[in-house]
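Engineer: Provide a 3D model corresponding to the input given below.
(chains A and B)
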There are 2 protein chains.
Amino acid sequence: MSNPLTPQVLADPVSLTRALVDIESVSGNEKEIADAVQQALEGCGHLRVERIGHNVIARTELGRAQRVVLAGHLDTVPIADNFPSTMDEKIMWGCGTSDMKSGTAIALHLAATVAQPRHDVTYFFYECEEVEAALNGLRIVGEQRPELLEADFAVLLEPTYGAVEAGCQGTMRARVRTHGTRAHAARSWLGSNAIHQAGEVLRRLEAYQARQVEIEGCRYREGLNAVRITGGVAGNVIPDACEIEVNFRFAPDRSEAQAEVHLREVFGGYEVEITDSAPGALPGLTAAPAAEFLALTGAPPTAKLGWTDVARFAALGIPALNFGPGDPNLAHKRDEHVEIDKIVAGADLMRSWLS
Amino acid sequence: MSNPLTPQVLADPVSLTRALVDIESVSGNEKEIADAVQQALEGCGHLRVERIGHNVIARTELGRAQRVVLAGHLDTVPIADNFPSTMDEKIMWGCGTSDMKSGTAIALHLAATVAQPRHDVTYFFYECEEVEAALNGLRIVGEQRPELLEADFAVLLEPTYGAVEAGCQGTMRARVRTHGTRAHAARSWLGSNAIHQAGEVLRRLEAYQARQVEIEGCRYREGLNAVRITGGVAGNVIPDACEIEVNFRFAPDRSEAQAEVHLREVFGGYEVEITDSAPGALPGLTAAPAAEFLALTGAPPTAKLGWTDVARFAALGIPALNFGPGDPNLAHKRDEHVEIDKIVAGADLMRSWLS
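Structural biologist: Numbering: from 1, shown residues only, chains lettered A, B, ... in the order given. Just a heads-up that it's a prediction; the model follows:
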């Protein structure tokens, strides 16, 4: 099959978005789209292209003083009656339009068309962002070939609706457990009810005053919430165990270790098991390419509250921000769509920055 | 196959217990044991025997002023490596030894051997007590042929370890629900956490002062407990629903309707759905045959706290108590057993009462 990513399509970020959306690439099925992207970029004399798994890395080697990364994932969540794309004058609908083929298209468009960027650029197109971290292409390449991602600054083109969202908050999940003694419900005083004991845990969550903190002008807002509760043995038994799963979203001025200490303080006296954790990322807006980029956008950056792959750049010591045309509230939805204007404006801004 | 319930076996409540235990009769499989019981009783000239399903009803028709019911179920919970029975000098082990073939054996022994009881007696042997109420033989016969169970007093030979346990408490299950609003856990303030709201429900349960009430010298002790809690959507979502299942054990001076009113008061402001309910039974120890029976036992009656089929007699207007040789704490256990002495003593006491 001929490559739909023709030079004409690559020259227009809107057509390119549509072409990418119309290559089905639900996580785990990125071969076709990665092949198309690799082939399109190998036609560009100014790029050195490498393929690792279904990750495509294309670099300029111009000897510039600074290097920036533009990154976008190639996969989508499962299709939900929203493939292939549809479009009118203002809107393009379809799986991946917002999250994040419109952002990925901007990066691919710039890779193909900006032969002499003012900073060296590493374009990074990767697989398996929407599934478990073990498969994440950015994580895998970052671990196996960190030199490929070395840079002074990174932009991840995840949906931000055209705003700059800096850094990201960390996330930690823990299980808080209470223990009691079973007894027949007809003689409840012979037992000790673990679900009743969980009331105190919920009381602490209810009373919890979540911290807000400003870092480099970005306001991060933490949150600590029960996301699951289970307890009970049978309808006639006093339960001897109850488990509350909590999710702590923490500002990037806390490390994971500090976040854990905080959780253990909040739930002092209870069994706490940390089950899952990912660090936040400081906004890192002071690097020169970041400052230039911010100046161009003309709007103050806001804090990224959700966890994103910018934290993986942070872990590599690379300041990173999120900037993309999609609306994050539409991600993973059946009616996922993107505004044409946002694609055009995002591409224009990034082209100005790099040219 | 010849009937193991020979006249010689029927004459000895211990041998009879063992013979009944060694006829496997897990709920739903009572045909063989009901056939054996029916055949054994049809050989007794002083009884009128009727068979309905796998329920056997045998009545004396002596024109006595009072009629009493002795009732025992024929079924057991599933076997758990405890079939057939084993025995030493003091103990008989096996499925159903405690719950309640030793009690049933006492009734069957008296039916076969006491030809001239001082009260008319209805012996009632029934199926499917250990499974859902819809199949319960006592319930079915009580509804279809209530005249067969008409009496002034009933003894249910459920395990009480040789004590008199009077009446029984009622039981009601309800689901208490909280409702919130979903949001991404990274922006938790946009949602409302239904699990946190459940904290107030658990607080009320924790603070609940269960009532104790004395009725006819028996102290009933109520209890209100969470027996199950569930809530949660996903690890990154503020949950919009939480459900707490509570079990209310209420003294028999409350009707089911009153118990429901009480529960709705306790959980005022929350959605409450009653899912399951069974009324209690007043002890009814003032009927003449009951008073005689109590005088013979020489020990004060205690309140039956768990729900038993005595409530079905109460629903028919018949005062009833629980009295059996088994230890209720051994019911449904792998090491279920009964003490030989308790079988002999129980049979002696009941024979004295009826003779």
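
Engineer: Run through the residues that contact A:Ala115.
Structural biologist: Shown in contact with A:Ala115 (Cβ atoms under 8 Å, 6 or more residues apart in numbering or on different chains): A:44-46. In this view, the C-beta of every residue, glycine as well, is placed from N, C-alpha and C.

Engineer: Out of those, who's the most crowded?
Structural biologist: Compared across the contacts of A:Ala115, A:Cys44 has the highest neighbour count, 19 neighbours, by other Cβ atoms under 10 Å in any protein chain shown.

Engineer: what separates that residue from A:His109, distance-wise?
Structural biologist: With distances taken as Cβ to Cβ, to the nearest Å, A:Cys44 is found 12 Å from A:His109.

Engineer: Mutual contacts of these two, please.
Structural biologist: Between them, A:Cys44 and A:His109 share no contacting residue under Cβ under 8 Å, 6+ apart.

Engineer: For A:Pro117, give me phi and psi.
Structural biologist: A:Pro117 adopts backbone torsions of phi -70, psi 160, taken as degrees, to the nearest 10.

Engineer: which ones are touching the residue lying closest to it once chain neighbours are set aside?
Structural biologist: Excluding the flanking residues, the one nearest A:Pro117 by Cβ to Cβ, 6 or more residues apart in numbering or on different chains is A:Leu354, at 4.1 Å. Residues counted as contacts of A:Leu354 (Cβ under 8 Å, 6+ apart) are A:68, A:110, A:114, A:117-119, A:121.

Engineer: Out of the contacts of A:Ala115, which is nearest to A:Glu30?
Structural biologist: For those, the minimum distance to A:Glu30 (Cβ to Cβ) is 20.6 Å, reached by A:Cys44.

Engineer: In contact with the spatially most central residue of chain A: list those residues for me.
Structural biologist: Centroid-nearest residue in chain A, with Cα atoms, centre = their mean: A:Thr308, separated by 2.5 Å. Neighbour list for A:Thr308: A:156, A:158, A:168, A:322 [criterion: Cβ under 8 Å, 6+ apart].

Engineer: my guess is A:Ala186 meets B:Asn225, correct?
Structural biologist: No: contact status for A:Ala186 versus B:Asn225: not in contact, 10.2 Å apart, counting by Cβ atoms under 8 Å.

Engineer: Contact distance from chain B - what residues of the stretch 201-350 of chain A qualify?
Structural biologist: Residues of the stretch 201-350 of chain A lying close to chain B (Cβ under 8 Å from any Cβ of the partner chain) are A:202-203, A:205-206, A:210, A:221, A:223, A:225-239, A:242, A:244-245, A:247, A:249, A:276, A:305-307.

Engineer: now, which of the residues you listed lie within strands?
Structural biologist: A:221, A:223, A:225-232, A:237-238, A:242, A:244-245, A:247, A:249, A:276 (DSSP state E).

Engineer: Can you pull out the low-pLDDT segments for chain A?
Structural biologist: A:1 (pLDDT under 70).

Engineer: again, only this time at 80
Structural biologist: For chain A, applying pLDDT under 80 flags the ranges A:1, A:284-287, A:331-332.

Engineer: ok, now how distant is A:Gln209 from A:Leu224?
Structural biologist: Distance, A:Gln209 to A:Leu224, by Cβ to Cβ: 10 Å.

Engineer: same thing with A:Ser102?
Structural biologist: A:Ser102 sits 33 Å away from A:Leu224, going by Cβ to Cβ.

Engineer: out of the two, which sits in the more crowded spot?
Structural biologist: Shown here are A:Ser102 and A:Leu224; by other Cβ under 10 Å, A:Ser102 has more neighbours (32 against 23).

Engineer: tell me the SS of that one?
Structural biologist: Following DSSP: H, G, I helix; E, B strand; the rest coil, A:Ser102 is assigned to helix.

Engineer: close enough to count as contact, it and A:Val338?
Structural biologist: Yes: applying Cβ under 8 Å, one finds A:Ser102 in contact with A:Val338, separated by 4.5 Å.

Engineer: list the residues that contact both of those two?
Structural biologist: Shared contacts of A:Ser102 and A:Val338 (Cβ under 8 Å, 6+ apart): A:17, A:92, A:325-326.

Engineer: Who wins on neighbours among those residues?
Structural biologist: Ranked by neighbour count (other Cβ under 10 Å), the shared contacts of A:Ser102 and A:Val338 have A:Thr17 at the top, with 31 neighbours.

Engineer: Give me the nearest residue to that one, chain neighbours excluded.
Structural biologist: Closest residue to A:Thr17 apart from its sequence neighbours, by Cβ to Cβ, 6+ apart: A:Ala105 at 4.0 Å.

Engineer: The one you found is in what secondary structure piece?
Structural biologist: helix A:102-113 (DSSP states H and E).

Engineer: Now tell me what touches the helix or strand immediately after that helix in the chain from outside.
Structural biologist: Sequence-wise, the next helix or strand downstream of helix A:102-113 (DSSP H and E) is strand A:120-126. Residues outside strand A:120-126 that contact it (Cβ under 8 Å, 6+ apart) are A:34, A:37, A:41, A:47, A:54-64, A:66-74, A:104, A:107-108, A:110-111, A:114, A:136-138, A:141, A:148-149, A:151, A:354.

Engineer: Strand A:120-126 pairs with which strands?
Structural biologist: Strand A:120-126 has the following strand partners under DSSP bridges: strand A:55-59 (antiparallel), strand A:67-73 (parallel).

Engineer: Many thanks, I have nothing further to ask.
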